[in-house]
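Q: Please work out how this folds:
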Amino acid sequence: MMLRPARWTTQMALVGVLTGTGAGPALAEYIIRPGDTLEVAVAGIPDLKQRSVVDLDGRVTLPMIKPVPVGGLGLTAAQGAIKEEMSKKLYQQRTPAGAESITAISPDAVTVSIAEYRPVYLNGDVSKPGEQAYRPGMTVRQAVSLAGGYEIMRFRMTNPFLESADLRNDYQTLWMQYVKLQGKVWRIKAQLAAPGGPQAPALPPGAQPAKGKAAADDPTADTKALERLTQAPLPKELLDRARENVRQQLELERTRYGAERAFLQRTVSVADDQIALLRSRQVRDDENAQADTIDYNKLKEFSERGNLPMTRLSEARRLFLFSATQSLQTGVQLTNTIRERDDAARKVVRLEEQTRSDLLKELDEANVELGGLQSKLQAVSEKITYTGMIRSQLVRGGGAKPSIRIVRSGLDGGGSETASEDSPVRPGDTVEVALHTEVPELSQ
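A: Numbering: from 1, shown residues only. The predicted structure follows:
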């Protein structure tokens, strides 16, 4: 409730801007026209919050009710008409417990506001003619700014010195982005060229990289290459900071990739040791099983002649079955270990291939972005040169003011009027701009 006075004050101030009058008791309320967007909300029923554009017939379409004619009405009258229609309806909603209830919409719970005003239109010597979104209190100067300013020949001659400062700031920002991208390209190439990296095949345990490859992993060589690459017209501390960030990122990426690759290679190495041990055990198990089989067959012959107790034959049969089972288990374990070792070896290859693919894709995108930044730098450089020329000309003379007229539709009184850059505009206005700038000639 404490917010109502402030809201009322804001609305009255808005009315004053829209009508071009000062604050006072005779302020006229804003009249809704086709193209305005209204927002209707019902307290306690979020589902009924809706925005709708006033159509050409001046009607607004909302859920549950028939189209309401609001064109030509003030906001208060439009709100009353919408409230009257919505208060006739019952709303069925589901409670948090899951039950359904029917609620009558109270007129006091309905609020109507203008979410978006009709756009204003700019025509003539502006960079981007066409419609611009209206904001309360908008002036011609602000509308022209949204349209990209005046035509290039005027080039914001009201203050080319500030324009030069902005362009220099843009130029430095683009150079900083360019340096960062150069560092990114250098980092990716260093990762691809590193010994044991995603470009090189996996080295067996204990093997040394080929001669000449170590230079790519030399921090001193990396630093020199990075400093040669990232040369730019920027302060030294900015360049040093950018280079240090790139070096740290490279170290982190190398450490991460190396740790993951080393883990997989250790898994392969451990599996190789287990395979060798299991193969040796399988040989012994096969020999034991073969010997137990021979013993069992001999004892079985003696038993069939009646020269051997059954208990002795049963013991031999138990030993034969145990050794055969153990040999079979060792074979199964060996097969599983070989499969695990092959899976780990494939993961090493996939890690290298995927990392290389990701790096190449990242490198391609960075090179494309570098090309775009080069074009932007060239464009800003040319603008700085042109602005400097205009600024030197303006030191000896000034440009003419633009000729501005505001055209209003018949719904709002119609006609046109001469205006200045500080004149307020209303929703639906058309602002026509004509420049008659005389630029002083360069001295011979």
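
Q: domains of the chain?
A: As assigned by automatic domain parsing, the chain contains the domains 31-116, 120-153+399-434, 162-394.

Q: As CSV, those domains with mean neighbour count and mean pLDDT would be great.
A: The C-beta positions use only the backbone N, C-alpha and C, and glycine is treated the same way. Supplementary listing: those in CSV, determined by neighbours: other C-beta atoms under 10 Å; pLDDT from 0 to 100:
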stretch, mean neighbour count, mean pLDDT
domain 31-116, 15, 83
domain 120-153+399-434, 17, 83
domain 162-394, 15, 78
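
Q: and F302, that's in a strand?
A: No: the secondary structure assignment for F302 gives helix rather than a strand, going by DSSP: H, G, I helix; E, B strand; the rest coil.

Q: Quick check: S403 vs V140, distance?
A: Between S403 and V140 the computed distance is 12 Å (C-beta to C-beta, to the nearest Å).

Q: hang on, I meant E260
A: If you measure E260 against V140 using C-beta to C-beta, the figure is 61 Å.

Q: For this structure, which segments count as helices?
A: According to DSSP state H, the chain carries its helices in the segments 4-19, 75-86, 140-146, 160-193, 219-229, 236-305, 310-394.

Q: Ok, which of those comes nearest V407?
A: Shortest separation from V407 across the helices of the chain is recorded for helix 140-146, at 12.3 Å, computed as C-beta to C-beta.

Q: ok, and what's touching the closest one?
A: Counting contacts by C-beta atoms under 8 Å, 6 or more residues apart in numbering, the residues outside helix 140-146 that touch it are 120, 122, 126, 132-133, 135, 150, 404, 406, 419-425, 431, 433.

Q: Could you rerun that using 6 Å?
A: Contacts to helix 140-146, defined as C-beta atoms under 6 Å, 6 or more residues apart in numbering, come from residues V120, L122, V126, Q132, I404, A419, E421, S423, V425, V431.

Q: Ok, stretch 69-80 next?
A: So stretch 69-80 is in contact with E29, I32, P34, V54, G58, R59, V60, V112, going by C-beta under 6 Å, 6+ apart.

Q: Of those, which pair is most distant in space?
A: Across the contacts of stretch 69-80, the longest distance by C-beta to C-beta is 19.5 Å; it joins E29 and R59.

Q: re earlier: can I get the contacts of helix 140-146 in a markdown table including distance to N307?
A: Converted to a markdown table, the contacts of helix 140-146 look like this (distance: C-beta to C-beta, whole Å):
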| residue | distance to N307 |
| --- | --- |
| V120 | 119 |
| L122 | 120 |
| V126 | 120 |
| Q132 | 115 |
| I404 | 129 |
| A419 | 130 |
| E421 | 127 |
| S423 | 129 |
| V425 | 123 |
| V431 | 124 |
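
Q: Give me the subset of those that lies in strands.
A: V120, L122, Q132, I404, A419, V431 (DSSP state E).

Q: from the residues you listed, which is closest to L359?
A: Proximity to L359 was ranked across those by C-beta to C-beta; first place goes to Q132, at 44.7 Å.

Q: Tell me who's in contact with that closest one.
A: Applying C-beta under 6 Å, 6+ apart, we find Q132 in contact with P119, V120, A143, L146.

Q: Try it again at 8 Å.
A: Under the criterion of C-beta under 8 Å, 6+ apart, the neighbours of Q132 are P119, V120, Y121, L122, A143, L146, A147.

Q: Also Q231?
A: For Q231, no contacting residues are found, by C-beta under 8 Å, 6+ apart.

Q: how much space between it and I338?
A: Using C-beta to C-beta, Q231 is found at 54 Å from I338.

Q: now do L351
A: Relative to I338, L351 is positioned 20 Å away (C-beta to C-beta).

Q: for V120, same thing?
A: Distance, V120 to I338, by C-beta to C-beta: 76 Å.

Q: can you check P129 too?
A: For P129, the distance to I338 equals 74 Å [C-beta to C-beta].

Q: ok, now N307?
A: From N307 across to I338, the span is 46 Å (C-beta to C-beta).

Q: for D272, same thing?
A: Between D272 and I338 the distance is 10 Å, computed by C-beta to C-beta.

Q: Would you check which pair of the ones in strands among the contacts of helix 140-146 lies furthest apart?
A: The widest separation within the ones in strands among the contacts of helix 140-146, taken as C-beta to C-beta, falls between Q132 and A419 and amounts to 15.6 Å.
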